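Peer 1: can't give you the sequence, but here's the structure:
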Ligand code: AMP
Ligand code: MN
Ligand code: MN
Ligand code: MN
């Protein structure tokens, strides 16, 4: 069965609405899908509603969320999967994270203003609308204002690691976010471990911290990656005694790394995260 356990919708920084995503997932032949928007369940809630109205599909929609945390000096993403979406723990997490995102957006805006960029908070907020506000909305504002030529440049100059918009201090600790996921009955999965640009020894330290806090899985497949990368991550997954997960990290049609559902199967050497569900 084709599984994609990491996708975004318009509820965070994706461009496809939850309902359209469900339709596209069915058309693509995905059997098991997790909508994992940044720090919100609004997309999952809407998708669950549209799925329950459609009796013709056997698509299994797994409750998901991508929670932001900070470890040492790095912003880290942890996926919560297969939790009880009605639980107080996960609703508390969303409430806390939405508050943190808003205060962080204000801080990012202050820092961009100091660089001479006009009205960044109003601009990014207008673009985000009801979505969970984040750096991609600031990036789009910088592009629309003619300050940079592309979102890629916006991250490179103003929003990426070490730049003004790289504000992490509002995020809760790793143990806190994993506690929310576990209290909600879910599985904590380290998202895209290769994307943090950590040395191997630092990545092992990150995984140790993650596991000590109750984390159970890691993404062995994230978007389009080379076979060599998959083999390296599968080995690490087994060495660290974690379960393996796979997700496209789909945000929009035409994105560089992977399309919805375009994820190779998890290598047979790894135990899939859904084995215990
Ligand atoms: P935030 O959740 O506000 O920290 O924003 C992080 C999101 O920004 C990621 O999930 C990506 O979707 C997006 N992002 C990160 N780096 C880049 C980049 N270099 N170019 C475009 N989008 C990026
Ligand atoms: Mn994103
Ligand atoms: Mn992420
Ligand atoms: Mn993501």
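Peer 2: Now that the structure is in, tell me what you want to look at. This one's a predicted model, so the numbers in the text were calculated from it and none came from an experiment. Ligands and ions are numbered 1, 2, ... in the order given.
Peer 1: ok, longest helix in this protein?
Peer 2: In the chain, assigned by DSSP state H, the helix with the most residues is helix 88-114.
Peer 1: quick one: that one near ligand 1?
Peer 2: No: using Cβ under 6 Å from any ligand atom, we find that helix 88-114 stays clear of ligand 1, coming within 7.3 Å at best. Every residue, glycine included, has its C-beta placed from N, CA and C.
Peer 1: now that helix: buried residues?
Peer 2: Of all the residues in helix 88-114, those buried under the rule 16 or more other Cβ atoms under 10 Å are 89-90, 93-94, 96-97, 100-101, 104-109, 111-112.
Peer 1: what's the helix or strand just after it in contact with?
Peer 2: Using DSSP states H and E, the helix or strand that follows helix 88-114 in sequence is helix 120-128. For helix 120-128, the external contacting residues (Cβ atoms under 8 Å, 6 or more residues apart in numbering) are 105-106, 108-109, 112-113, 133-134, 137-138, 140-142, 144-145.
Peer 1: tell me how many other residues surround the residue of the stretch 51-200 of the chain found nearest ligand 4.
Peer 2: Of all residues in the stretch 51-200 of the chain, residue 66 sits closest to ligand 4, with a separation of 4.8 Å (Cβ to the ion). With neighbours defined by other Cβ atoms under 10 Å, the count for residue 66 comes to 26.
Peer 1: give me the nearest residue to it, chain neighbours excluded.
Peer 2: In space, and not counting its chain neighbours, residue 66 is closest to residue 36: 4.5 Å by Cβ to Cβ, 6 or more residues apart in numbering.
Peer 1: secondary structure element holding residue 208?
Peer 2: Short version, using DSSP H and E: residue 208 is in helix 200-212.
Peer 1: and the stretch 151-277 of the chain, which residues reach ligand 1?
Peer 2: So the stretch 151-277 of the chain meets ligand 1 at 151-152, 155, 160, 251 (Cβ under 6 Å from any ligand atom).
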